[in-house]
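Peer 1: coordinates only, no sequence provided:
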């Protein structure tokens, strides 16, 4: 269904404007107003008043769950980012806006506690992260081959 909405957005406003919408509010439920003004977030997100006006012509008065779009990041990186933002005190909506996830996905990640192992694998709490040094930017010249 999200793919269909993205296709509809591209048909109505064009690819650059649709990508701008997904970057700005992807994964969030947004209201498409009946009346539009130059300072509205839709104008900024789409990049033009005419594109935002085309959205209001098609979906005026509707609530849409905007798709994440094709530029969504890797799952574990996003999960880590969610947990970092949550620990810093960001709200669910602010985390969703920053990461491009849905508010519901942010809530699930927060409840679960961060990145998950690959499907079918369990995490043994006694084991460390083999690549932790790489993730933290360790000096790779010290590694023996």
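Peer 2: Great, that's in hand. As the structure is a prediction and not an experimental result, all values here were calculated from the model. Residues are numbered from 1 along each chain as shown.
Peer 1: C-alpha from now on. contacts and neighbour counts both.
Peer 2: Fine.
Peer 1: which residues sit against stretch 4-12?
Peer 2: The contact list for stretch 4-12 (Cα atoms under 8 Å, 6 or more residues apart in numbering) reads 15, 17-18, 51, 54-55, 58, 66-67, 69.
Peer 1: ends of stretch 54-67, how far apart?
Peer 2: One end of stretch 54-67 sits 18 Å from the other (Cα to Cα, to the nearest Å).
Peer 1: quick one, domains of the chain?
Peer 2: The record's domain parsing of the chain by automatic domain parsing lists 2-65, 73-116.
Peer 1: rank the ones you listed by pLDDT, which is bottom?
Peer 2: The stretch with the lowest mean pLDDT among these is domain 73-116, at a mean of 82.
Peer 1: give the buried residues for the host helix or strand of residue 44.
Peer 2: In this structure, residue 44 sits in helix 41-46 according to DSSP states H and E. By 16 or more other Cα atoms under 10 Å, the buried positions in helix 41-46 come out as 42-46.
Peer 1: next, name the residue at the spatial heart of the chain.
Peer 2: residue 100 (0.9 Å; Cα atoms, centre = their mean).
Peer 1: distance of the closest residue to that residue other than its chain neighbours relative to residue 101?
Peer 2: Once flanking residues are discounted, residue 100 sits nearest to residue 26: 5.2 Å by Cα to Cα, 6 or more residues apart in numbering. Note on residue 26: its distance to residue 101, by Cα to Cα, is 7 Å.
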